[in-house]
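Novice: Sequence plus predicted model, see below.
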Amino acid sequence: MSVGGPYVVAGPTAEEDLETEEQTNMANATARLFLLAALLYHSSTGNAQPSSCGKSNISVTVTPTENYFRGQREYVATITTSCACPLKDVRVWCGGVEDSVVPLDGSVVEVDEGMCVLKRPVARGSPVVFKYSSALPVNFRVFNAAPAC
């Protein structure tokens, strides 16, 4: 049995090719626009995103002064943040500070069972600073900090 005639496999017409290409270009442009919008949103929020700010963004430095009080050296504790968002509810382990001969500034920090509780948020460029005295420098460890934005 023979089947007659040549077989013609018809592909898309030039018009269909152009329409498919336009649809592909439109989809690519939409995807690029969405990606650009997401990138701009992410870069505009930067470090201010609350989810990216926390206790890991807090640093505590201790600097000795030349002053001594009843055998205890005076130290300056400086608490800073690298986050663009201020951090509130900052609590720092500070065992030994409660024995300070130098009275702590109650408007800045209070000690509660070995924990220093800061009275104001820590903001980038606006460190929380207080003085204390101790036989040895205190090993401050950040326990808690929450974003305030």
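Specialist: Yep, that arrived. All values derive from a computational prediction rather than experimental measurement.

Novice: Can you pull out the low-pLDDT segments for this protein?
Specialist: Residues of the chain meeting the criterion pLDDT under 70: 1-51.

Novice: partners of the strand ranked longest in it, with directions?
Specialist: If you go by DSSP state E, the chain has its longest strand at strand 58-69. Sheet pairing of strand 58-69 (DSSP bridges) gives strand 72-81 (antiparallel).

Novice: can you pull the buried residues of the longest strand of the chain?
Specialist: 58, 60 (16 or more other CB atoms under 10 Å). The way it works is simple: take the backbone N, C-alpha and C, and place the C-beta from them, glycine included.

Novice: Can I get that strand in PDB, CA atoms only?
Specialist: C-alpha atoms of strand 58-69 as PDB (Å, rounded to 0.1, in the frame of the first residue of the first chain):
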ATOM      1  CA  ILE A  58      25.500  45.200  69.600                       C
ATOM      2  CA  SER A  59      29.200  45.700  70.600                       C
ATOM      3  CA  VAL A  60      30.500  46.400  74.000                       C
ATOM      4  CA  THR A  61      33.900  47.900  74.500                       C
ATOM      5  CA  VAL A  62      35.500  48.500  77.900                       C
ATOM      6  CA  THR A  63      38.300  51.100  78.300                       C
ATOM      7  CA  PRO A  64      40.200  51.500  81.600                       C
ATOM      8  CA  THR A  65      40.700  55.100  82.900                       C
ATOM      9  CA  GLU A  66      43.500  56.300  85.100                       C
ATOM     10  CA  ASN A  67      41.300  56.600  88.100                       C
ATOM     11  CA  TYR A  68      41.100  54.200  91.100                       C
ATOM     12  CA  PHE A  69      38.500  54.100  93.900                       C
END
